[in-house]
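Asker: return atomic coordinates for the entry below.
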Amino acid sequence: QVQLVESGGGLVQAGGSLRLSCAASGSIFSIVSMGWYHQAPGKQRELVASITSGGSTNYADSVKGRFTISRDNAKNTVSLQMNSLKSEDTAVYYCNSRVLVRTEGVTRYLEVWGQGTLVTVSS
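Answerer: This is a model prediction of the structure:
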């Protein structure tokens, strides 16, 4: 069983900053990648940023230059520093992790989601 626990959401004014954090725990053999998605009301869940175990990052065009994703492999955590926030960044943010778990000699690939944390940017 693998769990993701998020923290750091809240209300901020436009132009402000927030930092989201996510910690993975459980029977993890290795973590392939970790990332953040967001889902605004009435819209589909979309990738915000992701980072591999090797440190390669990927960002949505809408957040490039404003958001920074980082990861602590030793602690199985990922953070998202969000600067220059805009009202259109308002959404529920979900932590995502793609992991390998090993049970009785069998390695399996899992995709795990956090419960979501609300980010509200007021204009």
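
Asker: hey, let's count contacts and neighbours off CA atoms from now on
Answerer: Fine.

Asker: which residues of this protein fall in strands?
Answerer: Ranges of strands in the chain, per DSSP state E, are 2-7, 10-13, 18-26, 30-39, 46-52, 57-59, 67-72, 77-82, 91-103, 106-113, 117-122.

Asker: direction included, what does the last one pair up with?
Answerer: This points to strand 117-122. Sheet pairing here is set by DSSP bridges, and for strand 117-122 it gives strand 10-13 (parallel), strand 91-103 (antiparallel).

Asker: what of the third one?
Answerer: Strand 18-26 pairs in its sheet with strand 2-7 (antiparallel), strand 77-82 (antiparallel), by DSSP bridges.

Asker: now the most centrally placed residue in the chain, nearest residue through space, not along the chain?
Answerer: Residue closest to the average C-alpha location in the chain (Cα atoms, centre = their mean): Trp36, at 2.5 Å. Spatial nearest neighbour of Trp36, chain neighbours left out: Cys95 (4.7 Å); criterion: Cα to Cα, 6 or more residues apart in numbering.
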